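Trainee: I would like the atomic coordinates for the input below:
(chains A and B)
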There are 2 protein chains.
Amino acid sequence: MLLAPQGGRTARLRSSLRNSTALRNTEAPQKLPTPANEPSVADILRAEAACADIGQAGLIPTGAAAPKRQRRRARADLAVVPPEPSDRGIVTPRIAEFLDRVQPATPCLVVDLEVVEGNYRALAAALDPASLFYAVKANPAPEILRLLARNNGHFDVASRGEIDQCLEVGIRADRLSFGNPIKKQSDIAYAFGRGVRLFAFDSEGELEKLAVAAPGATVFCRLLVDGAGAEWPLSRKFGCSFAMAKALLLRARALGLDAAGVSFHIGSQQCDLSQWDKVLSQIAGLYGELAAAGLKPTLLNLGGGFPARYQKEVPSIGEYGRAVIAAVHRHFPEMPRLIAEPGRGLVGEAGVIESEVVLVSVKDAADPQRWVYLDIGKFSGLAETMEEAIKYRLKTPHDGGPTGPVILAGPSCDSADILYEKANYELPLALKPGDKIRILACGAYTTTYSSVGFNGFAPLKAYCI
Amino acid sequence: MLLAPQGGRTARLRSSLRNSTALRNTEAPQKLPTPANEPSVADILRAEAACADIGQAGLIPTGAAAPKRQRRRARADLAVVPPEPSDRGIVTPRIAEFLDRVQPATPCLVVDLEVVEGNYRALAAALDPASLFYAVKANPAPEILRLLARNNGHFDVASRGEIDQCLEVGIRADRLSFGNPIKKQSDIAYAFGRGVRLFAFDSEGELEKLAVAAPGATVFCRLLVDGAGAEWPLSRKFGCSFAMAKALLLRARALGLDAAGVSFHIGSQQCDLSQWDKVLSQIAGLYGELAAAGLKPTLLNLGGGFPARYQKEVPSIGEYGRAVIAAVHRHFPEMPRLIAEPGRGLVGEAGVIESEVVLVSVKDAADPQRWVYLDIGKFSGLAETMEEAIKYRLKTPHDGGPTGPVILAGPSCDSADILYEKANYELPLALKPGDKIRILACGAYTTTYSSVGFNGFAPLKAYCI
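Mentor: Numbers count the residues shown, from 1 in each chain, chains lettered A, B, ... in the order given. Below you'll find the predicted structure:
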């Protein structure tokens, strides 16, 4: 079910959305066409241009299926439905077929690798000429790493553990960037010994470790930017001021390191494209100052921030990527080597969590507030519901029927294990224990956040299909 | 180091605390006397009465050590030191010896089982005649389960997984209480099949499941109380109103269940003893109403809430437990069968996390705010720093030297992985990468909250000694 917790939507709109969703729910799973195995970038760009309104989940409609999709859409009440909810972050036919056939124990995550591949190709095309370094932390499933490696991907790793995960599936060390600015010296030495040559830093202390443990390596300085407009906002934890970055890059060169440039993070799930322009303009100024000081930066790391579709509609991957690259062109007439680090934007929409309703209850006969308890919670995979930051969309078997407000909570005995209390979620009144609830766009930041066994609940199981 | 982030303390006090801690730091680990293997309840009560000011960490000073301790204390500036920081939640000599000898890779948790046993015996004595049902979720290490089982313990379990953990170490099913009011019917059936006969509920839906899957079982209704005064406050997630509890208990009887009474949770880390009086008085009223309706409750489950010592001093286990039992006596002239569910209060103070400083940095040359990054964070065991709720005490190799304010953060690339930003922590100015920091009173709610591998960091390793 598509929920509309943001207050501004009307009951009429909600009812329309419900109808259009109900259509999807009650139709038998149909095999949507997926891109051929190796489409060229030009193919993708053509397809994107043709289908910009459909979104870029990698399920690009071509040939015979397109008319069918249009027919389906025509049945919804177009007069009151605003821009068609796109097909991004849905239960794909492959996921639906898997869940229906295998009936896995819940909770579990199912990732559609075709969506990951489609997203990767679309983003690579839109961000051309940037090299994509997949942020492994988003989802380190070996199937995803192998898929992206086959597609010429690079990888942003946060720890020795993630380096090992990459190397174990056969990824070459020269395709890795050790992007965590906070590393033990022993881990830097380990990475360098395995062949990693690209490292982040944001402090003098880290530079000193790098100079000792990774002599001559290519390094980039993480900048502190404010991340305004992002749904999962950044703290000041990473990065340093522009003035300090300049001093540190000059110091890096003095220490014998290849002081290549800077990185920044625009804020996870950043939908405000103007933020990019603002930061890139500041960085262009910094690069000018560095050049004047005799250090010409050769690298610009754009970080991540490419959004996945949760509650709010987000720009298509194509639109988004092209806007970012256009901003780079505006501020850097002479383009440095570009790196981008998508994580959520590649895998977020590719995964669906299948969960089960454990209990529906009220606290008093006179208090109509329903509590719905699922078999997954904050400590078993849905950590990004912290402070109700990421608002997942949900699908239930009763979508289309009358709904009412709910507080949604996890299964553990921890009273902080509440998913949504203030976000005004509504769920069908017919919901009952045993019903399956599908949580959409859960491919990123779920499995690895899962606790090892809080309250005796097993970690989130995942299937990559 | 003992930190005093609460604003009210003076620099003079801080300096005195530092001095007294420094004394402890620089002394060679000394073997404090521990209770003999099987002291009687009377022994414990006598020891508690004699040493009430020292705290009840199970390291009861008797014989030759007491004068030495007094001498040590006399060296501190008693004129400005308020009640001596007790020995609760310290690095015990056994933990210090283990860390010094084994030098385990960090981060890791070391639990001193003698402290757990001491706490258990002290609390069992103080809460007599209540049966203690250890809240397994606090720390399900098999060594702890076995130890408590040997001491005639009972166990409060939250899931099928925790039932299995208990059965695997040889605990009999009739010693378990399935205390999570939110259970899948299949898990209730599993528990009943294995021999569990005591179950919590707080809703009609759960009663219906219990009637089907655990016919004739003993059930108790979880009440919703406000948990005011607790450091880890409760939400409204668990429990129902008193009026609903009455109706549900009568319904339970009608469904053929043994409707035995109620449970409540006073709030984790609850230091306000008056809260107990308030709730017990209300429950006595409810039991009167039930008796008038022909249902005489036979059970009262006091839940948990027994505090561990973090930043704030807390009442001794003896004081605390006796006050609770006195309140029960005041309101229940005819005492029902009593159950208590300590978790944090038994194991919290028994564990120390050994961690390492990864980086000390600033964000700008003109900004003196130090950031200290540890190799453990919110997603690798310290989840209870969420919203800076639990404020752990820290010890560093530089305790006693000059300190300055810090923001303390974890090692992951998640910008939300900040431990303390608002809590005004101070750490030595001499602190540098590679230094070990010991995080005190980490025995509860750490290992199992740890993520399976967020950012490629392994789950928190634990040693029970």
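Trainee: who in the stretch 301-450 of chain A is up against chain B?
Mentor: A:356, A:358-365, A:367, A:371, A:373, A:375, A:379, A:383, A:386, A:409, A:411-418, A:421, A:433-434, A:447-450 (C-beta under 8 Å from any C-beta of the partner chain). Heads up, the C-betas are built off the backbone N, CA and C, glycines and all.
Trainee: quick check: buried residues in the host helix or strand of A:Ala323?
Mentor: Using DSSP states H and E, A:Ala323 falls within helix A:317-331. Across helix A:317-331, burial judged by 16 or more other C-beta atoms under 10 Å in any protein chain shown covers A:Ile317, A:Gly318, A:Tyr320, A:Gly321, A:Arg322, A:Val324, A:Ile325, A:Ala327, A:Val328, A:His331.
Trainee: same deal with stretch A:408-426?
Mentor: Residues of stretch A:408-426 classed as buried: A:408-421, A:423, A:425-426 (neighbour count, 16+ other C-beta under 10 Å).
Trainee: of those residues, which belong to helices?
Mentor: Mapping the buried residues of stretch A:408-426 onto helices (DSSP state H) picks out no residues; all lie outside.
Trainee: my guess is A:Pro368 meets A:Val406, correct?
Mentor: No. Taking contact to mean C-beta atoms under 8 Å, the distance of 10.8 Å between A:Pro368 and A:Val406 leaves them out of contact.
Trainee: how about low-confidence regions in chain A?
Mentor: Counting by pLDDT under 70, chain A contains low-confidence residues at A:1-86, A:227, A:229-234.
Trainee: pull the longest helix from it.
Mentor: Looking across chain A with DSSP H, the single longest helix is helix A:274-292.
Trainee: any idea how far that helix is from the chain center?
Mentor: Between the mean C-alpha location of helix A:274-292 and the chain-wide mean there is a distance of 26 Å, by C-alpha atoms, centre = their mean, to the nearest Å.
Trainee: any idea of the angle it forms with helix A:317-331?
Mentor: In terms of direction (axes from the mean of the first three to the mean of the last three C-alpha atoms, to 10 degrees), helix A:274-292 departs from helix A:317-331 by 30 degrees.
Trainee: tell me which residues are up against whichever helix or strand comes after helix A:274-292.
Mentor: Using DSSP H and E, the next helix or strand after helix A:274-292 towards the C-terminus is strand A:299-301. Under the contact criterion C-beta atoms under 8 Å, 6 or more residues apart in numbering or on different chains, strand A:299-301 has outside partners A:177, A:179, A:200, A:218, A:220, A:260-264, A:283, A:328, A:332, A:336-341.
Trainee: quick revisit: which one of A:Pro368 and A:Val406 has more residues nearby?
Mentor: Set A:Pro368 next to A:Val406 and count neighbours by other C-beta atoms under 10 Å in any protein chain shown: A:Val406 wins out with 22 against 9.
Trainee: ok, the more buried one to chain B distance?
Mentor: From A:Val406 over to chain B the distance is 13 Å, taken as C-beta to the nearest C-beta, to the nearest Å.
Trainee: run a quick neighbour tally on A:Ala228.
Mentor: Under the criterion other C-beta under 10 Å, the count of neighbours that A:Ala228 has is 14.
Trainee: in this structure it contacts A:Asp272, no?
Mentor: Yes. Taking contact to mean C-beta under 8 Å, the distance of 7.2 Å between A:Ala228 and A:Asp272 places them in contact.
Trainee: any residues in contact with both of these two?
Mentor: By C-beta under 8 Å, 6+ apart, no residue touches both A:Ala228 and A:Asp272.
Trainee: once you drop chain neighbours, what's closest to A:Arg172?
Mentor: Using C-beta to C-beta, 6 or more residues apart in numbering or on different chains and skipping the chain neighbours, the partner closest in space to A:Arg172 is A:Gly195 (7.4 Å).
Trainee: got the contact list for that neighbour?
Mentor: For A:Gly195, the residues meeting the contact criterion (C-beta under 8 Å, 6+ apart) are A:Arg172, A:Ala173, A:Asp174.
Trainee: ok, and what's touching stretch A:245-260?
Mentor: Surrounding stretch A:245-260, the residues in contact under the criterion C-beta under 8 Å, 6+ apart are A:201-204, A:207-208, A:210-211, A:214-221, A:223, A:240, A:261-262, A:286, A:289-290, A:293, A:295, A:297-299, A:337, B:365.
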